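1. Sequence plus the predicted model coming up.
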Amino acid sequence: MYVGHFAIGLALKARHPEVPALPLVLGAGFLDILNGLFIVLGWDRVAPDLRAGPYLFFDLRFIDWDHSLLAALVWSALWGAFFLRSRRVAVLGFVAAFSHFIADWPVHNDDLALYPYAEAHVGYGLWGKLGTASWVLEGVLAAALMAFAWTAAARRGVSLLWPAVVLAVLFASLSPWLSPMKYAAGLDEPWAHRLHGTLVCLGFLVPGALLTWLVGRQERGG
């Protein structure tokens with residue numbers, strides 16, 4: 001999942017306007033920021049597969065250091081600990097980060113381990129079962145969450161127009177037809193997995209930071 005994670009972060013922020021945007025919006029993508037770094041470092045392993053839809057074009061061979069249940073709990077707790085000056089912010093930061101694992105479960109293709117190197121894996125596999133339709137379904141989910149966030153923010157006189165525009169651009173950019181992952185999958189190794197990891201990391205870090213700034217700016221009345 002991609003744009004859906006950002007939509008979850010924005011919905012959490014709208015539900016808890018007193019909490020800063022950073023722990024919620026950037027936190028929702030924290031596990032994939034780590035995943036991209038770990039792929040580049042060779043700790044996680046992916047393999048190019050142009051049949052792997054709807055927009056990934058890589059098989060996720062081993063992502064246990066960030067996307068196993070245990071790792072997700074540990075990293076989410078660490079993310080929340082960054083904000084321990086406020087217990088409420090820390091708890092919601094944890095929720096935002098761990099929501100990533102929960103949201104990934106329906107779409108991932110049985111590649112989410114219970115703990116690193118566990119034999120048991122989960123993932124309902126909508127990517128494999130529905131293909132392009134799973135991308136559409138993710139868009140519907142993101143739109144519903146964005147509608148909730150928009151309505152909640154509007155009641156406080158805050159506009160989420162630009163965050164909504166960013167989400168629409170992100171949704172289109174990682175479509176089955178425009179996804180840069182397809183280009184990465186066509187490269188020889190080790191460049192294929194290195195570019196894939198870089199795209200994953202920056203694809204969550206940069207838009208997450210942008211959305212955090214945009215939401216904070218609107219909350220301040222800028």
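-> Thanks, I have the structure now. Numbers count the residues shown, from 1 in each chain.
2. Pass me the low-pLDDT residue ranges in this structure, would you?
-> Within the chain, the segments meeting pLDDT under 70 span 222.
3. Strands of that one, start to end?
-> All strands of the chain, identified by DSSP state E, fall at 45-48, 58-62, 112-113, 121-122.
4. out of those, nearest to F171?
-> Across these, F171 has its closest neighbour in strand 58-62 (19.4 Å, CB to CB). All C-beta spots, glycine's among them, are computed from the backbone N, C-alpha and C.
5. May I have the strands that pair with that closest one, each with its orientation?
-> strand 45-48 (antiparallel) (DSSP bridges).
6. List the buried residues for the partner strand?
-> Neighbour-count burial for strand 45-48, counted by 16 or more other CB atoms under 10 Å, picks out 46, 48.
7. In contact with the nearest residue to A81 once chain neighbours are set aside: list those residues for me.
-> Closest residue to A81 apart from its sequence neighbours, by CB to CB, 6 or more residues apart in numbering: A90 at 6.5 Å. Contact analysis of A90 by CB atoms under 8 Å, 6 or more residues apart in numbering lists 23, 80-84.
8. Relative to W191, which of those is nearest.
-> Checking the contacts of A90 against W191 with CB to CB, the nearest one is F82 at 33.0 Å.
9. ok so, going back, can you tell me which of the contacts of A90 has the most neighbours?
-> P23 (29 neighbours; other CB atoms under 10 Å).
10. Touching, that one and F83? I think so.
-> Yes: contact criterion CB atoms under 8 Å: P23 and F83 qualify, at 5.1 Å.
11. how about the longest helix along the chain: buried residues?
-> As assigned by DSSP state H, the longest helix anywhere in the chain is helix 191-219. For helix 191-219, burial by neighbour count (16+ other CB under 10 Å) applies to 192-197, 199-201, 203-205, 207-208, 210-215, 218.
12. chain center to it, what's the gap?
-> 9 Å (CA atoms, centre = their mean, to the nearest Å).
13. got the angle between it and strand 58-62?
-> Helix 191-219 runs at 90 degrees relative to strand 58-62, counting by axes from the mean of the first three to the mean of the last three CA atoms, to 10 degrees.
14. Show me what helix 191-219 is packed up against.
-> helix 3-15, helix 21, helix 30-41, strand 45-48, helix 161-173, helix 180-185 (3 or more CB pairs under 8 Å, 6 or more residues apart in numbering; DSSP states H and E).
15. In CSV, list the ones you listed along with distance to L69.
-> As requested, those are exported to CSV (distance: least, CB to CB, whole Å):
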stretch, distance to L69
helix 3-15, 17
helix 21, 27
helix 30-41, 11
strand 45-48, 19
helix 161-173, 26
helix 180-185, 25
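16. so which of those comes closest to T151?
-> Closest among those, once you apply CB to CB, is helix 3-15, at 8.0 Å.
17. How about D111: what's its closest non-neighbour residue?
-> Nearest residue to D111 in three dimensions, chain neighbours excluded: L60, at 4.5 Å (CB to CB, 6+ apart).
18. In contact with the one you found, which residues are there?
-> 44, 46, 67, 108-109, 111.
19. hmm, which two among the residues you listed are most spread apart?
-> Using CB to CB, the contacts of L60 span at most 15.4 Å, a distance reached by D44 and N109.
20. Now do G157 against A7, distance only.
-> Look at G157 and A7: by CB to CB, to the nearest Å, they are 22 Å apart.
21. out of those two, which sits in the busier spot?
-> A7 (30 against 8).
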